[in-house]
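Enquirer: only the shape, not the letters, is given here:
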Ligand SMILES: Nc1ncnc2c1ncn2[C@@H]1O[C@H](COP(=O)(O)OP(=O)(O)OP(=O)(O)O)[C@@H](O)[C@H]1O
């Protein structure tokens with residue numbers, strides 16, 4: 001193999017990579033572990049096809065999933081073509097803007113005609129070109145792209161003024177001119193988004209005049225039960241007057257509610273109400289209808305709403321609410337956040353429907369048969385919105401991202417001559433990141449390939465992390481079943497990471513059932529084991545990370561080569577704040593957005609088992625399950641793939657941040673032999689400790705600043721691990737240099753100071769005391785805390801002074 005004479009220099013490839021480049025197979029999956037050079041192999045394949053197989057570059061299509069990936073692919077091709085070395089220097093120059101890079105890229109592509117003829121595109125931009133060129137048969141070819149956000153897509157010059165969200169709202173407003181629709185929407189939003197108002201009753205039932213309860217309509221009522229009733233009227237758009245005065249035989253009284261259109265009164269009987277016989281008698285004399293509701297039922301809002309449905313609706317005409325004039329703007333002006341959340345859900349359902357194999361009729365049917373009113377109601381609202389959205393977009397010649405794919409598919413399916421033209425043009429199709437394909441994308445690839453087309457896919461099933469937005473890992477795992485006469489070639493040498501990182505990540509991902517087993521080996525033997533930090537107190541890990549970053553920078557590692565990764569953005573916010581003052585600009589990324597990146601030093605945050613940790617698979621909302629049911633185990637496997645992506649970004653140093661007593665299962669999956677055990681948190685035997693001189697927090701002995709208050713002056717103290725907290729304090733105090741005059745006073749102060757530091761519970765006790773001392777006597781408190789009267793008294797006095 002090594003002596004093969006090719007014009008393309010294949011000497012920098014390993015045997016497997018070279019075999020992939022030379023393969024003549026028409027359906028090849030190059031299955032690669034992380035860092036095994038799949039992009040490198042794909043690029044060599046392109047060079048080989050052009051230089052050695054003399055393929056016309058216009059017959060080659062390379063598909064990527066992001067604009068960045070296609071730009072990077074082009075850059076790497078230009079670098080290999082530009083023998084002067086200028087372009088490589090240019091793209092690596094710091095401070096060059098994206099616009100300057102784009103301009104230079106375009107000008108260099110023109111310098112190498114074969115590169116200019118090559119098609120390197122994202123799948124969406126390929127579809128864009130197809131519809132622009134031939135789409136006139138199925139759509140208006142002067143279409144505009146409608147995006148989720150105005151500023152974040154590759155078709156900026158041809159993007160509609162309106163966003164998807166704005167159009168959804170617009171069509172919803174149109175649909176709301178139909179009163180039953182608006183009423184249903186209002187009820188849905190109030191019942192399922194503003195629901196917190198109707199949770200179990202608060203303990204306080206009646207409020208003084210100055211603190212009345214505010215209803216959804218915005219008026220004030222005297223009790224929680226009355227608030228429920230007023231809100232029920234509001235949900236049903238029934239007008240009411242609160243406590244309208246009634247005069248019968250010269251006497252006045254105020255039934256709780258009056259419904260003018262039905263001429264009906266409503267009186268709520270609570271256990272604080274006066275006996276109502278007299279009132280009832282009077283109302284009868286006056287010939288008024290009066291509905292009664294009872295307090296017992298108000299403890300559960302769901303039950304109370306049902307009772308109100310029954311008792312009130314029975315007494316008033318059904319179309320009472322239709323007499324009320326309703327306006328979308330007025331109804332939702334107070335619930336903008338909620339209605340936007342609903343629109344996001346509608347959009348998610350819209351996307352899922354387009355990507356689903358299930359016919360829309362079946363989805364509608366299953367939704368209408370759901371056991372849950374919420375799900376039924378959601379689809380009754382969402383389907384008309386989705387249909388109107390689609391009509392609106394067609395009318396305006398808009399296409400969204402999925403629309404680009406569906407219209408291209410429709411075009412190639414309905415027009416065989418056009419399909420053949422594309423098939424004849426693209427004789428070689430190379431797909432990067434094949435693990436990320438979804439149903440529509442595979443359908444398009446199927447339409448573009450004929451038997452003689454060479455389809456060369458590279459991907460890693462272990463790195464499939466977009467299942468939540470429709471990618472189907474099944475296409476890569478079952479490649480052989482999907483593509484007839486296909487072959488599979490595995491690249492199993494990892495060039496990026498050291499041995500412990502490669503072994504640990506491979507062991508971790510092996511726990512997944514749905515995967516293609518692979519043995520990945522590290523080219524870089526030896527190297528540091530993985531370091532795990534177990535945080536004991538909030539903020540401790542920030543200090544640990546800061547310290548580690550400082551150390552690596554002192555060793556000569558560039559701060560840009562340090563990457564902090566996290567599952568969710570919230571996990572990093574404290575650390576970002578803490579590092580702000582450090583002066584080092586390390587990269588912060590969610591794991592999803594770190595795909596394809598690498599760094600010498602990587603920290604993975606949030607690896608704990610508490611709520612909001614990692615893994616944390618959330619079963620999706622029931623409304624999405626109608627389209628495609630999700631399974632907890634599948635979601636957990638996707639989380640594990642995400643963990644694998646995170647681990648494999650690290651070249652040399654990997655840090656996992658966890659919590660003591662709540663260690664992530666993912667950490668447990670890593671065999672001990674790859675973990676560095678001499679960790680600070682295991683240094684419990686250490687007889688050294690430092691105290692923050694500002695807030696008196698107890699810190700690990702290697703800390704140089706306090707993670708709690710940020711103070712940089714710490715005091716080192718020697719501790720004997722066998723002593724109790726109290727003994728330790730006495731020892732420290734004995735060694736402190738006190739002035740003779742104030743000896744006792746100073747000792748006492750010092751005792752208090754160190755007690756706060758060594759006994760974390762003492763701080764908690766202080767907080768409780770602070771909030772209790774106004775409501776309890778000293779005797780009660782000494783009982784409560786099991787402490788003497790005097791000790792409680794002096795502590796409270798001390799706190800008061802503070
Ligand atoms: N045969 C080889 N010899 C030396 N270095 C190699 C070889 N193949 C790949 N590499 C290096 O390994 C690193 C990873 O390569 P590349 O980015 O192509 O991997 P990848 O498989 O696309 O990674 P990932 O999927 O994890 O993003 C790069 O620095 C690349 O130059």
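Expert: That came through fine. Note that the coordinates shown come from a computational prediction; the quantities given were computed from them, not determined experimentally. Numbering: from 1, shown residues only.
Enquirer: what's the mean pLDDT across stretch 341-355?
Expert: Averaging pLDDT along stretch 341-355 gives 94.
Enquirer: buried sites along it?
Expert: Buried residues in stretch 341-355, counted by 16 or more other CB atoms under 10 Å: 342-343, 345-355. For the C-beta atoms, the positions are set from N, CA and C on the backbone; glycine is no exception.
Enquirer: where do the strands sit along the stretch 251-400 of the chain?
Expert: Applying DSSP state E, counting those that start in this stretch to the stretch 251-400 of the chain gives strands spanning 251-253, 257-259, 264-269, 289-294, 398-399.
Enquirer: nearest to the ligand, out of these?
Expert: Closest to the ligand of the strands of the stretch 251-400 of the chain, according to CB to the nearest ligand atom: strand 398-399, at 30.9 Å.
Enquirer: hang on, the earlier thing: just say which of the strands of the stretch 251-400 of the chain is most tucked in.
Expert: Counting by mean count of other CB atoms under 10 Å, strand 398-399 has the highest mean neighbour count of these, with a mean of 24.
Enquirer: elements contacting the following helix or strand past that one?
Expert: Proceeding C-terminally, strand 398-399 gives way to helix 401-414 as the next helix or strand, assigned by DSSP states H and E. Using 3 or more CB pairs under 8 Å, 6 or more residues apart in numbering; DSSP states H and E as the contact test, the elements touching helix 401-414 are helix 123-134, helix 336-355, helix 416-425, helix 439-448.
Enquirer: so this protein: which segments form each domain?
Expert: Per the record, the chain has its domains at 16-143+402-491, 502-685, 725-799, by the TED database.
Enquirer: tell me which of those lies nearest to the ligand.
Expert: Across the domains of the chain, closest to the ligand is domain 16-143+402-491 (CB to the nearest ligand atom), at 2.6 Å.
Enquirer: can you tell me the average pLDDT over the closest one?
Expert: pLDDT averaged over domain 16-143+402-491 gives 95.
Enquirer: swap in stretch 304-324?
Expert: Here the average pLDDT along stretch 304-324 is 66.
Enquirer: output the domains of the chain in TSV, with distance to residue 307 and mean neighbour count appended to each entry.
Expert: Conversion of these to TSV gives the following (distance: least, CB to CB, whole Å; neighbours: other CB atoms under 10 Å):
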stretch	distance to residue 307	mean neighbour count
domain 16-143+402-491	40	18
domain 502-685	26	18
domain 725-799	38	14
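Enquirer: for residue 247, which of those domains is the nearest?
Expert: With CB to CB as the measure, domain 725-799 is the member of these nearest residue 247 (46.8 Å).
Enquirer: next, count neighbours for residue 239.
Expert: Residues lying near residue 239 (other CB atoms under 10 Å) number 16.
Enquirer: I figured it hits residue 257, correct?
Expert: No: between residue 239 and residue 257 there is no contact, the gap being 10.4 Å when judged by CB atoms under 8 Å.
Enquirer: identify the contacts common to these two.
Expert: Common neighbours of residue 239 and residue 257 (criterion: CB atoms under 8 Å, 6 or more residues apart in numbering): residue 233.
Enquirer: in the helix ranked longest in the chain, what counts as buried?
Expert: Secondary structure assigned by DSSP state H gives helix 373-395 as the longest helix of the chain. By 16+ other CB under 10 Å, the buried positions in helix 373-395 come out as 375, 377-386, 388-390, 392-393.
Enquirer: mean confidence for the lengthiest strand in the chain?
Expert: Identified as the longest strand of the chain according to DSSP state E is strand 650-659. Regarding strand 650-659, the rounded mean pLDDT is 96.
Enquirer: okay if I get the strands of the stretch 251-400 of the chain as a markdown table plus distance to residue 440 and mean pLDDT?
Expert: Listed next are the strands of the stretch 251-400 of the chain as a markdown table, based on distance: least, CB to CB, whole Å; pLDDT from 0 to 100:
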| stretch | distance to residue 440 | mean pLDDT |
| --- | --- | --- |
| strand 251-253 | 67 | 78 |
| strand 257-259 | 53 | 88 |
| strand 264-269 | 55 | 83 |
| strand 289-294 | 53 | 79 |
| strand 398-399 | 13 | 96 |
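Enquirer: distance to residue 158 for those - can I get that in TSV?
Expert: Below are the strands of the stretch 251-400 of the chain laid out as TSV (distance: least, CB to CB, whole Å):
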stretch	distance to residue 158
strand 251-253	69
strand 257-259	55
strand 264-269	58
strand 289-294	59
strand 398-399	10
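Enquirer: so where do the helices sit in the stretch 551-700 of the chain?
Expert: Shown for the stretch 551-700 of the chain, the helices assigned by DSSP state H, counting those that start in this stretch span residues 573-580, 622-625, 632-647, 665-668.
Enquirer: hey, least reliable of those helices by pLDDT?
Expert: Taking the mean pLDDT of the helices of the stretch 551-700 of the chain, helix 573-580 comes last: a mean of 85.
Enquirer: got the angle for that helix vs strand 650-659?
Expert: Interaxial angle of helix 573-580 relative to strand 650-659 (axes from the mean of the first three to the mean of the last three CA atoms, to 10 degrees): 120 degrees.
Enquirer: tell me what helix 573-580 is packed against?
Expert: Packing partners of helix 573-580 (3+ CB pairs under 8 Å, 6+ apart): helix 540-554.
Enquirer: so what does the helix it packs on touch, helix or strand wise?
Expert: Using 3+ CB pairs under 8 Å, 6+ apart, the elements in contact with helix 540-554 are strand 530-535, strand 562-566, helix 573-580, strand 599-604, strand 650-659.
Enquirer: what about the shortest one and the ligand, touching?
Expert: Right, the one you point to is strand 562-566. No: with CB under 6 Å from any ligand atom as the criterion, the ligand is not reached by strand 562-566; the gap is at least 13.0 Å.
Enquirer: that strand pairs with which strands, and in what direction?
Expert: The pairing partners recorded for strand 562-566 under DSSP bridges are strand 587-590 (parallel), strand 599-604 (parallel).
Enquirer: who touches residue 651 in this structure?
Expert: Residue 651 neighbours (CB under 8 Å, 6+ apart): 496-498, 501, 598-600.
Enquirer: nearest residue to it other than its sequence neighbours?
Expert: Excluding its sequence neighbours, the residue lying closest to residue 651 (CB to CB, 6 or more residues apart in numbering) is residue 600, at 4.9 Å.
Enquirer: can you name the residues of the protein that neighbour the ligand?
Expert: For the chain, the residues in contact with the ligand (CB under 6 Å from any ligand atom) are 12-14, 17, 32, 34-40, 460, 463, 495-496, 596, 648.
Enquirer: which of the residues you listed fall in strands?
Expert: Among those, the ones falling in strands (DSSP E) are 32, 495-496.
Enquirer: got TSV for these, with distance to residue 287 too?
Expert: Below are those laid out as TSV (distance: CB to CB, whole Å):
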residue	distance to residue 287
32	85
495	92
496	87
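Enquirer: now do stretch 434-450: distance to the chain's middle.
Expert: Distance of stretch 434-450 from the chain centroid (CA atoms, centre = their mean, to the nearest Å) equals 27 Å.
Enquirer: what does that stretch rub up against?
Expert: If you take CB under 8 Å, 6+ apart as the criterion, stretch 434-450 is touched by 29, 61, 63, 65, 123, 127, 354-357, 402, 405-406, 408-409, 412-413, 419-420, 422-423, 426, 429, 431, 455, 457-461, 463-464, 466, 470-473, 475-476, 482.
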